[in-house]
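# got a sequence here, can you model it:
(5 chains)
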Amino acid sequence: MTIFPKGARKKAGLVPGTLVQTAEKKTEKTTITILDYDRESFRERVAAGPEECRAFRDTPAVTWINVEGLHELEVTRQMGEIFQIHPLVLEDILHTDQRPKMEDYEDYVYVVLKLLMYDEQKEGILADQISLILGKNFVLTFEEKERGILEQVRKRIREGRGRLRGRGADYLFYSLLDVIVDSYFVVLEHMGEDVEKLEEDVMNGPQPNVLRRIFDARTNMLVVRRAVWPLRDLTNILVREEIPLIGQEVDVYLRDVYDHAVQIIETVEVSRDMVQNMADMYLSVVNNRMNEVMKILTVIATIFIPLTFLASIYGMNFKHMPELEWPWAYFAVLGVMAALGFSMLGYFRWKKWF
Amino acid sequence: MTIFPKGARKKAGLVPGTLVQTAEKKTEKTTITILDYDRESFRERVAAGPEECRAFRDTPAVTWINVEGLHELEVTRQMGEIFQIHPLVLEDILHTDQRPKMEDYEDYVYVVLKLLMYDEQKEGILADQISLILGKNFVLTFEEKERGILEQVRKRIREGRGRLRGRGADYLFYSLLDVIVDSYFVVLEHMGEDVEKLEEDVMNGPQPNVLRRIFDARTNMLVVRRAVWPLRDLTNILVREEIPLIGQEVDVYLRDVYDHAVQIIETVEVSRDMVQNMADMYLSVVNNRMNEVMKILTVIATIFIPLTFLASIYGMNFKHMPELEWPWAYFAVLGVMAALGFSMLGYFRWKKWF
Amino acid sequence: MTIFPKGARKKAGLVPGTLVQTAEKKTEKTTITILDYDRESFRERVAAGPEECRAFRDTPAVTWINVEGLHELEVTRQMGEIFQIHPLVLEDILHTDQRPKMEDYEDYVYVVLKLLMYDEQKEGILADQISLILGKNFVLTFEEKERGILEQVRKRIREGRGRLRGRGADYLFYSLLDVIVDSYFVVLEHMGEDVEKLEEDVMNGPQPNVLRRIFDARTNMLVVRRAVWPLRDLTNILVREEIPLIGQEVDVYLRDVYDHAVQIIETVEVSRDMVQNMADMYLSVVNNRMNEVMKILTVIATIFIPLTFLASIYGMNFKHMPELEWPWAYFAVLGVMAALGFSMLGYFRWKKWF
Amino acid sequence: MTIFPKGARKKAGLVPGTLVQTAEKKTEKTTITILDYDRESFRERVAAGPEECRAFRDTPAVTWINVEGLHELEVTRQMGEIFQIHPLVLEDILHTDQRPKMEDYEDYVYVVLKLLMYDEQKEGILADQISLILGKNFVLTFEEKERGILEQVRKRIREGRGRLRGRGADYLFYSLLDVIVDSYFVVLEHMGEDVEKLEEDVMNGPQPNVLRRIFDARTNMLVVRRAVWPLRDLTNILVREEIPLIGQEVDVYLRDVYDHAVQIIETVEVSRDMVQNMADMYLSVVNNRMNEVMKILTVIATIFIPLTFLASIYGMNFKHMPELEWPWAYFAVLGVMAALGFSMLGYFRWKKWF
Amino acid sequence: MTIFPKGARKKAGLVPGTLVQTAEKKTEKTTITILDYDRESFRERVAAGPEECRAFRDTPAVTWINVEGLHELEVTRQMGEIFQIHPLVLEDILHTDQRPKMEDYEDYVYVVLKLLMYDEQKEGILADQISLILGKNFVLTFEEKERGILEQVRKRIREGRGRLRGRGADYLFYSLLDVIVDSYFVVLEHMGEDVEKLEEDVMNGPQPNVLRRIFDARTNMLVVRRAVWPLRDLTNILVREEIPLIGQEVDVYLRDVYDHAVQIIETVEVSRDMVQNMADMYLSVVNNRMNEVMKILTVIATIFIPLTFLASIYGMNFKHMPELEWPWAYFAVLGVMAALGFSMLGYFRWKKWF
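The predicted model follows:
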């Protein structure tokens, strides 16, 4: 559950802007990857330390520096110092419980998002935090662990596919937002498959783990919802507000990201209704099944109880019970019992009680 | 269920604007139909390929080109190239999970909608995607499969009925929106009939498939709701904003479409409440019925259990049981049993337990 | 149920503005009544046909023309032609599934509303559609059937009561809106009485038709709600926007209508909560009652089952059962049974199980 | 229940502004009290009739006229005539189903509110209507019955406490609003005590009247909510809008009333959630208790039923039942029964069924 | 429960601005602590009485005066007099049921907040009220009891850590808001741990106190929610509006507080959904468990009831029961019983009834 804040007690009372490690250590080593490209040239290298990035800060080519792993505070601190990032932003980068948001610091735009992945084994959602900083001709990204999502963009740059190589840092920034938001669709697709399987199982009647799976599906939706709702406002601001670092020709692309955010939110809301609907349905199905069982069993019991009473009457040991002497009495009683039993059965049937 | 995105994994990581076939192949062959008309003249033809459309692009007459079938990417790509459509629009045309929306690209207006049809066999909703592009004097439509809905407009043009022939592309555009939105009313009418049947069945007591039908009705409403909600904003923008391609005299007609959208949304919302109401009612009815059964059966059982106990006392084989010798004992016990049984029955009756 | 659209299939694909009869035929004959009045004079007549109205169009006196019955299309078409009404408005007048709305066509203001009446026999709501057109010095009204509501205004004009005779068409227009909205209060009062009766019955315990009545009360509220919600926006626009046809001194009266609309909406919303509350309460009461019955019955059964077992032990026919020979054994067993029974009874009592 | 309108049928069709008595007669006699004061002087008298008020209309001192009792129409009509109040306002004063609202008529400001009181006997809410009219140097108040709330202000004026005597009519107006809104806090405090008692009782297990009290608490909240929600908008308008009759130095006090209104609304909303929470809790507690009872009782029954079956086998009267002859058979059967009984008991225990 | 107002009856009818002690006496003695600092100097002292503060009012250095304990009205009254605080503000400081709010009185800004603490013993939330007044170069704080939260800021000032010493009163004001809001995260973290424990217990099946804990978790959330919702508006106003007392360089820090407020609200909302989800889950689990028990027990009973009936037939004492004489009859009956029993068992199994 990534709903509640962690490490709040650890952080409480510290000077604002103090960097504390609250991020889980998800990767062994912090890796800094530098990509520097323009239409013609392309360089890629793994930096030994943050200092190596300083040289790329003011090159005219677009520079993308990716920091993987957030558990070494010093790396982030140095990056912040080189690119003149506000201490509160650095704090947010390291504090991985961040709510997705967008802040315009004039010299750079800071965006923090969630990277969602579907964990097929646990049928759960993994959520990493990813921070993007768009500067004049650079983009900095800070991720908890490389999950192969940013790699898609890196590959396009390397191979010179798409429009990336010929465009500025803002288009790179958009491309990164785009692959991140696209990854939500993948998560939704997985969740949709779970929900469809679940729907089938619900209809097939009570099964031991259906309740658990409905509960998990709901929790998953709460997690996705939480990551996605702020995305709408965030992308809306990126589109509507005049941000000097983002060119107008990129706006139409960002509008596309905005549309996707809206679509994801609606899908999550509709699927919440779906699962709620399913949960109601399941409870009804279980209840119905239970009722059916109880009714048939009770009918059987109810038929035999009066019959047993009749038998027990003639099992009494009174001296003077004239019927006991009659030769045809036993068969008469058997007949009465059969008649009584069948007429009760018929009555219950007629009343449609089973 | 058309709630969750499909093909997201296939698309993930592709360059934005890449055309991928995620649309289901709903028609055998992609057909391009060209209608070219003004007040006097009228031409209709099925084009062999997209290239044939190029000639109609700049004619002063109104041209309506309809592409049926979205599984041949190349057709859409060529159409986009001829009419200079933005790659993101082409991507949206092919990606049939699109949320209804409206985008103004100055040279053209792009609208994507859902075509809803009621499938009488399955009592379910079919949803196709339809894209409309309104240009200076042309309208392009891209549909997954011809469902006879656009045919209504085509017929009016052919026969010269209504105001269509004497008006511009914007009126054609409105007419297409109008028949699409009208088709939602047909779907709602069908759903209303289902709901009315359902209401009757709910009142008549428990039936095996009522729950399933309530569940389906709810799912249908989610599907319609999803298609319709964005329609309000979309038509509102068309009416309020100054779009140069849409003349003022068409605005009053678009306002009518907007009113219809609002009415459809309200109907869907009210019918959701209706079905929720019905589901609550049904559960109560089932529960009541079950309670009634259980109560009567339990009453019977409860009356006979003490009587059987009484009988079993006199079935004991003790040597010294003075009552057994009394001549009238048997009849006395029978009398006591009858008295006990009837007084219990009376008590339960008096307590209104059955 | 007037929730879902009717006749959509009939209308689908028709040219917008085509007049189709979807209105139910609620009255035998279409009647056109003309009232023409100013401070001094007053004329009233039943017109033979629409043509007769033409003469009144441009008189300086206020003219109120009421058309009762909407099943004769031709009458409406001719009225539209004489008073130069937009075809879409005529279509809306005839299409009685209309959502209440207000449209300003500069030369005239079009308002469509629902007339609600409470049907005491069925404890249901009847809804007619009524259209009002306010022109320079005339008001046209189109109603499905005369229900005596507009008659109140007619009487006031005839008798010269109130301020009507000395004022313009806008005040007449307001007076009509006012009596229509007042009629909603009458419906609410009836519904309130039903709900109060229902509340009493709910508290008095389970009764066969309570569920049905709760269901009906909810459906009624959905119907009223649907008619009333749009009324707020509609009257708000009439008050706030500068409509040349409506004088400033009438605005304060229209604000009163607006206040009434808000009050009606709130009453409906609160009463929805009331009925929901009541439904929850009823289910709890029924459940409680059932639990009570089940518990007492089960207690009885549970006490006698072990006792019967004891008796059945001494009913076994083994040769060697020493107790059977003991002279006081029978009475001892009876004593044990009584002790066991009463101590179980006491235990259950002590546990407050019944 | 003061939710639904009363007297609507009586009023329907009357000319707007007609004064009708719909107010309940809550006081024997209509009393008019006049207070006339400035910093130095102070006069208080009970007027014989409305005419007596005319003299005070134009005095420079602040005049507060309170009318207690709304069942004598003539009094209100004359007051309206003397102070030139719009007929629609007079109608609203007498129509005690009014929704709280505020209207600015330039010469005077009209505010209608609910006076809420907690009736300790019935644990219910009493609601009177109170109308305030703020004129240039007078305040008129119309209340259904004196409840001691306005008396607080009267006392302050008499004794010259607070800032009242040295200030204008607007401050008097504020002071009246303030004591009225403060009286809501008293009601909330009472309701809070009820809810706390209720919470305790809910936790202590099922009790006969808990359901009824939850239902009443909910109804009370609906009543308070209805009176309070409009108060927010009303006070907000008083604060934000430039009303010439209200001086700027009174605005900061009105903002305080606004804050109180917001706080009351939030308290009501939170307490609705509390009571809902409690109702859910109570149903669970009742259900749990029932389940517990049913389980233990069923366990007992289930253990003895197979044992009784065993005993009844050896109660059969077949000639050839070899076991019956065996000398130790009876004790063996008793042993088997004990073993069976205890092992079933142990199994149920182990399964944690009770 | 701190939901409902306390002491309203005590306060009702008092002159607005009258200081009344409604605050609980949470500390023995009212303590006034004065901190006076600039970049170089630093003084800290405990004042003997309010009068001592007067000297610090106009020093150019930043002065922070903290009043701990609100039960001595006189202290607050004198502080108000020295720093010229509006009587309504003083009333709000002492009235500890205050809704969090922010008021700009030009000379000073008044903010009232809740201090939330988690009480580990009771698993409940403690809420104190804290008032902050930001003046030109002073900050006044009024707290009910020192909880160690403001001490964090005091320590930073003493030790000269962070940016506090070199900045103005507005930064001190921000720092106080920041530690207060950070303390909410600590509360949320505790609540999150409770909820996680609860979730585990819910999944492990019915336990006696789970319901109570769910109820408590919900109540806690209502308390936190109530304290936090107004915080959003409050901080938003601080950020957006031009408040002369707050410098622009502090705005970016206040935006951070705003972000935290939004994040806290979202966390509370999501966790409400979580707990609701859990409560539904728990009821289903309990219900399922109960159903399972009832079914197995009923199956056992149902199998033995017909068998006992069979046995009781041959326990009847009729003279003429031919079967009784047959030598193999007893074994045949035993066989029939076994066959019947097992086939019923098999049937129930096959029907998946247990």
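
# okay, CA-based contacts and neighbour counts for the rest of this
Will do.

# so how many other residues sit close to the residue of the stretch 151-300 of chain A found nearest chain C?
Per CA to the nearest CA, A:Thr298 is where the stretch 151-300 of chain A lies closest to chain C, at 13.2 Å. By other CA atoms under 10 Å in any protein chain shown, the residues close to A:Thr298 number 20.

# wait, it sits on B:Ile296?
No - under the criterion of CA atoms under 8 Å, A:Thr298 is not in contact with B:Ile296, lying 10.4 Å apart.

# tell me which helix or strand of chain A sits lowest on mean pLDDT?
In chain A, the helix or strand scored least confidently by mean pLDDT, DSSP states H and E is helix A:8-11, which has a mean of 69.

# show me what the helix or strand following it is packed up against.
Using DSSP states H and E, the helix or strand that follows helix A:8-11 towards the C-terminus is strand A:31-37. In terms of contacts (3 or more CA pairs under 8 Å, 6 or more residues apart in numbering or on different chains; DSSP states H and E), strand A:31-37 is packed against strand A:42-47, strand A:62-68.

# could you identify which of those is most buried?
strand A:62-68 (a mean of 25; mean count of other CA atoms under 10 Å in any protein chain shown).

# quick one: that one to strand A:31-37, angle?
Relative orientation of strand A:62-68 versus strand A:31-37 (axes from the mean of the first three to the mean of the last three CA atoms, to 10 degrees): 170 degrees.

# so how far is strand A:62-68 off the chain centroid?
With CA atoms, centre = their mean, to the nearest Å as the basis, strand A:62-68 stands 28 Å off its chain's centre.

# what's the answer for stretch A:51-68, then?
Worked out by CA atoms, centre = their mean, stretch A:51-68 lies 34 Å from the chain centre.

# using CSV, write out every CA atom in that stretch.
These are the backbone C-alpha positions of stretch A:51-68, laid out as CSV (Å, rounded to 0.1, in the frame of the first residue of the first chain):
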residue,chain,number,x,y,z
GLU,A,51,30.6,17.0,-11.8
GLU,A,52,30.9,15.6,-15.3
CYS,A,53,27.5,17.0,-16.1
ARG,A,54,28.6,20.6,-15.6
ALA,A,55,30.3,20.7,-19.0
PHE,A,56,27.0,19.9,-20.7
ARG,A,57,25.0,22.6,-19.0
ASP,A,58,25.6,25.3,-21.4
THR,A,59,26.2,23.5,-24.7
PRO,A,60,23.8,24.5,-27.5
ALA,A,61,22.9,20.9,-28.2
VAL,A,62,20.0,19.3,-26.3
THR,A,63,21.3,17.4,-23.2
TRP,A,64,19.4,14.8,-21.3
ILE,A,65,20.8,13.7,-18.0
ASN,A,66,19.1,10.8,-16.3
VAL,A,67,19.8,9.9,-12.7
GLU,A,68,18.8,6.4,-11.8
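
# what does that stretch rub up against?
A:27, A:30-38, A:47, A:78-79, A:82-83, A:137-146, A:168-169 (CA atoms under 8 Å, 6 or more residues apart in numbering or on different chains).

# are any of those buried, and which?
Buried members of the contacts of stretch A:51-68, scored by 16 or more other CA atoms under 10 Å in any protein chain shown, are A:30-38, A:78-79, A:83, A:137-146, A:168-169.

# ok, what's across the strand from the closest residue to A:Asp119 other than its chain neighbours?
Leaving aside its chain neighbours, A:Asp119 sits nearest to A:Ile125 (5.8 Å; criterion: CA to CA, 6 or more residues apart in numbering or on different chains). In this structure, A:Ile125 bridges to A:Tyr118 when assessed by DSSP bridges.

# again, but for the one 4 residues further on
According to DSSP bridges, the residues that bridge with A:Gln129 are A:Lys114.

# can you check the pLDDT for it?
A:Gln129 is assigned 91 on the pLDDT scale.

# for it, grab the count of nearby residues.
For A:Gln129, using other CA under 10 Å, the count is 24.

# let me see the contact set for it.
A:Gln129 is in contact with A:Thr96, A:Asp97, A:Gln98, A:Val112, A:Leu113, A:Lys114, A:Leu115, A:Glu143, A:Glu144, counting by CA under 8 Å, 6+ apart.

# now the last one: how far from A:Glu24?
Distance of A:Glu144 to A:Glu24, computed by CA to CA, to the nearest Å: 8 Å.

# please apply the same query to the fifth one.
With distances taken as CA to CA, A:Leu113 is found 17 Å from A:Glu24.

# more neighbours: these two, which one.
More crowded of A:Leu113 and A:Glu24, by other CA under 10 Å: A:Leu113, with 26 against 14.

# pLDDT value on that one, please?
92.

# what's the first helix or strand after the host helix or strand of A:Val202?
Using DSSP H and E, A:Val202 sits in helix A:169-203. Downstream of helix A:169-203, the next assigned helix or strand under DSSP H and E is helix A:210-240.

# buried ones in that following helix?
In terms of neighbour count (16+ other CA under 10 Å), helix A:210-240 has its buried residues at A:210-211, A:214-239.

# so A:Lys155 belongs to a helix, correct?
Yes - secondary structure assignment (DSSP: H, G, I helix; E, B strand; the rest coil) places A:Lys155 inside a helix.

# burial measure for it, as a count.
Using other CA under 10 Å, A:Lys155 has 12 other residues around it.

# how far away is it from E:Ala261?
Taking CA to CA, one finds A:Lys155 at 39 Å from E:Ala261.

# neighbours of whatever residue of chain A ends up closest to chain D, how many?
Nearest residue of chain A to chain D: A:Gly315, at 8.8 Å (CA to the nearest CA). Here the number of neighbours of A:Gly315 (other CA under 10 Å) works out to 27.

# and the nearest residue to A:Trp353 once chain neighbours are set aside, which of the three is it?
In space, and not counting its chain neighbours, A:Trp353 is closest to B:Val293: 6.6 Å by CA to CA, 6+ apart. The three-state label given to B:Val293 by three-state DSSP is helix.

# need the per-residue pLDDT for B:Val293.
Reported pLDDT for B:Val293: 79.

# A:Ala301 now?
A:Ala301 is given a pLDDT of 84.

# and it, what element?
Here A:Ala301, judged by DSSP H and E, is contained in helix A:248-313.

# what about that helix, distance to the chain center?
Going by CA atoms, centre = their mean, where helix A:248-313 is centred and where its chain is centred differ by 21 Å.

# give me the mean pLDDT for whatever helix or strand comes next after it.
As assigned by DSSP H and E, the chain's next helix or strand after helix A:248-313 is helix A:329-350. The average pLDDT for helix A:329-350 rounds to 92.

# residues from the stretch 251-354 of chain A in reach of chain E?
A:283, A:290, A:293-294, A:297-298, A:300-301, A:304-305, A:307-308, A:311-317, A:323-330 (CA under 8 Å from any CA of the partner chain).
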